[in-house]
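Engineer: what's the 3D shape of this:
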Amino acid sequence: MPHEPHSLDAAAVRTWSSLTLAALGRAREDIDAINVYPVADADTGTNLYLTACSAARALEAAFDASADVSEATARSDGAVGAGAATSLGEAVRAYAHGALTGARGNSGTIFAQLLRGVADVLGGEPRATASGGLLAGALARAAESAYEAVAHPVEGTMLTVAAAAARAAGAAEAAAGSAADVARAAYEGARAALAETPGQLAVLGRAGVVDAGGCGIVAVLGALWQALSGQEVPLEPVRGRAVAVPTQPQPCDEEPDGPGYEVTYLLDAPDPAVGLLRGTLDALGDSLVVVGGDGLWNVHVHVDDPGAAVEAGVVAGRPYRIRITHFGDERRRARTERAQRAVVAVVQGEGLAGLCREAGATTVLALPGEPPAAAEIAEAVRRAHAREVVLLPGGAEQRAAAAAAAEQARADGVRVAVIPTRSAVQGLAALAVHDPDASFDEDVVAMTAAAGATRHGELAIAERQSFTSAGICQAGDVLGLIDGDVAVIGSELAETAEAVLERMLGSGGELVTLVLGPEVPDALAARLEAYVQHGHLAVDTLTYRGGRYSAPLLIGIE
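Structural biologist: So this is what the prediction gives:
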């Protein structure tokens, strides 16, 4: 029975988004398994899926906003169903913007730029529907803009697959094809190009796989064809994959070369500044992709000096949602069997993240005022590559997201326990007693007990006048918090810290842990250590640097 083709309108974009999310969700693990380029860290499928999630949320928000306008107009006019609906242009712009702001990894960033290229052509379309010719033009612009965004394009990658899809779409449009015909041609062109990638990129040929990012592009274009044709995309013999994929790569004997860190961030900056930024980052590392426009950019680069990459963003404009990932553990995990147990820790502060990594944990960096989403924590659980995971949320504001991430991981067959930590110092205490050789339940009980036995304090600077449990504070006052409540209001960091320590040690303790923020001088640490030693001879003190993004001072007492 023939299927009736659908118009390329806002509703079709919404259907495309839904089908893309489903296709990438099915293929996620399979795509991760063949991820060997540019870094064999087994996350391309997950990054594409998370980017599609962000795009889908933005698209749904656009439809919700139009529905609200329609309802308000109907009430004011007294007419049922009056008001504006989401247009094709609004839909594709929202879809592309959501991908840009939520792009993850190299593959997700390029995917976001492909969608932006589509929006460049269809985003200003005044008509309710677009023709096959416009779709072909949009796919051509998508491939062109993706090549422009990558500092050093490499053939045999998702760029090659996108370009082949655009050429096939153009040929179909020249034959007076409908939008559905153009989408099908693009899908089939992408499939054919993907099959050729092992012969174009040596690392793929050695591993015996096709390009993982290209595999994702095929899934996206298959979803587009399905949205416009109403036909089911034919399933391939390998379950969950949009195309037939060769066997999983074998472990490599040699350690991969290349920079040690992946740095990504969103950036508010004018176009001229971004041009200079590209040059700076290109000199620092590789796998550079800068996508976006109109003042908002998504920056992705692999470097050995992540601080310099972030500083370059500060020079260009205002970087935020900064994520720094160390490749060492991910590379090793990608070449080994799944571990029995791992620890995932959410921490605020680069120094704290380093401490946790040294203790063997996979880390998620929480930025001030921007706690990580459940999807980000769930991705870290996946990167831990273990059958059992102990999750340390780090703070009360992260516990809901950690719980949601744990549920996602359990659905994938991972056994997860969330330790109810309320501070990073409780997480450090839990890590100190972590025993991977003990049973899972025994390990969780011991870590929970260690965290619960650690009282936590913190020093913060008041941003405005407000009422607290210790009285009224003014902007600039130093606040001393004990177990989450303001207990001391002071004017100097050192005196307030000493007052907090005295109150906390009044209940006893054997070990004081001090975590100093980036602006706190070493002299304060020496003063506080002397203060503890002078008044509490039997109490030991450990001092760490929390690094950038950490609080001025964290205190733990066990």
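Engineer: does residue 187 really touch residue 166, like I thought?
Structural biologist: No: applying CB atoms under 8 Å, one finds residue 187 not in contact with residue 166, separated by 11.9 Å. C-beta: built from backbone N, CA, C; applies to glycine.
Engineer: Excluding sequence neighbours, find me the nearest residue to residue 488.
Structural biologist: residue 480 (3.4 Å; CB to CB, 6 or more residues apart in numbering).
Engineer: All the strands of the stretch 301-450 of the chain, residue numbers only.
Structural biologist: Under the criterion DSSP state E, counting those that start in this stretch, the stretch 301-450 of the chain contains strands at 318-326, 339-347, 362-365, 386-392, 415-418.
Engineer: Any chance of TSV for those strands, columns distance to residue 123 and mean pLDDT?
Structural biologist: Shown next, in TSV, are those (distance: least, CB to CB, whole Å; pLDDT from 0 to 100):
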stretch	distance to residue 123	mean pLDDT
strand 318-326	23	84
strand 339-347	37	85
strand 362-365	33	84
strand 386-392	40	89
strand 415-418	41	90
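Engineer: which of those strands sits most buried?
Structural biologist: strand 362-365 (a mean of 26; mean count of other CB atoms under 10 Å).
Engineer: Direction included, what does that strand pair up with?
Structural biologist: Here strand 362-365 is paired, per DSSP bridges, with strand 339-347 (parallel).
Engineer: Can I get the partner strand as PDB, trimmed to CA atoms?
Structural biologist: Provided in PDB are the C-alpha atoms of strand 339-347 (Å, rounded to 0.1, in the frame of the first residue of the first chain):
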ATOM      1  CA  ALA A 339      35.300  -3.000  35.100                       C
ATOM      2  CA  GLN A 340      33.300  -4.500  38.000                       C
ATOM      3  CA  ARG A 341      32.900  -1.300  40.000                       C
ATOM      4  CA  ALA A 342      33.600   2.400  39.500                       C
ATOM      5  CA  VAL A 343      33.000   5.600  41.400                       C
ATOM      6  CA  VAL A 344      31.600   8.700  39.700                       C
ATOM      7  CA  ALA A 345      32.000  12.000  41.600                       C
ATOM      8  CA  VAL A 346      30.300  15.400  40.900                       C
ATOM      9  CA  VAL A 347      32.700  18.100  42.100                       C
END
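Engineer: Distance from that strand to the middle of the chain?
Structural biologist: 17 Å (CA atoms, centre = their mean, to the nearest Å).
Engineer: Likewise for stretch 520-531?
Structural biologist: Centroid displacement of stretch 520-531 relative to its chain, using CA atoms, centre = their mean, is 36 Å.
Engineer: Only the buried residues of that stretch, if you could.
Structural biologist: Within stretch 520-531, the residues scored as buried using 16 or more other CB atoms under 10 Å are 520, 524, 525, 528, 529, 531.
Engineer: got the contact list for the closest residue to the third one other than its chain neighbours?
Structural biologist: This means residue 525. Leaving aside its chain neighbours, residue 525 sits nearest to residue 543 (4.8 Å; criterion: CB to CB, 6+ apart). Residues in contact with residue 543, defined by CB atoms under 8 Å, 6 or more residues apart in numbering, are 513, 514, 515, 516, 525, 529.
Engineer: Quantify the burial of residue 61 by counting its neighbouring residues.
Structural biologist: 13 (other CB atoms under 10 Å).
Engineer: Repeat that for residue 485.
Structural biologist: 10.
Engineer: tell me the phi and psi of it?
Structural biologist: Reported as degrees, to the nearest 10, the phi and psi values for residue 485 are phi -110, psi 140.
Engineer: which one is it nearest to, not counting chain neighbours?
Structural biologist: Here the residue nearest residue 485, using CB to CB, 6+ apart, is residue 469, at 5.0 Å.
Engineer: The one you found contacts residue 488, doesn't it?
Structural biologist: No: contact criterion CB under 8 Å: residue 469 and residue 488 do not qualify, at 10.4 Å.
Engineer: Run me through the strand neighbours of the helix or strand residue 467 falls within, direction for each.
Structural biologist: According to DSSP states H and E, residue 467 maps onto strand 466-468. Here strand 466-468 has these sheet partners by DSSP bridges: strand 471-473 (antiparallel).
Engineer: give me the beta-bridge partners of the residue nearest to residue 488?
Structural biologist: Applying DSSP bridges, one finds that residue 480 bridges with residue 459, residue 488.
Engineer: Against residue 538, how distant is it?
Structural biologist: 24 Å (CB to CB, to the nearest Å).
Engineer: the more surrounded of these two?
Structural biologist: Taking other CB under 10 Å, residue 480 and residue 538 do not tie; residue 480 has more neighbours (28 against 8).
Engineer: tell me the contacts of the more buried one?
Structural biologist: 457, 458, 459, 486, 487, 488, 489, 490, 496, 497, 499, 500.
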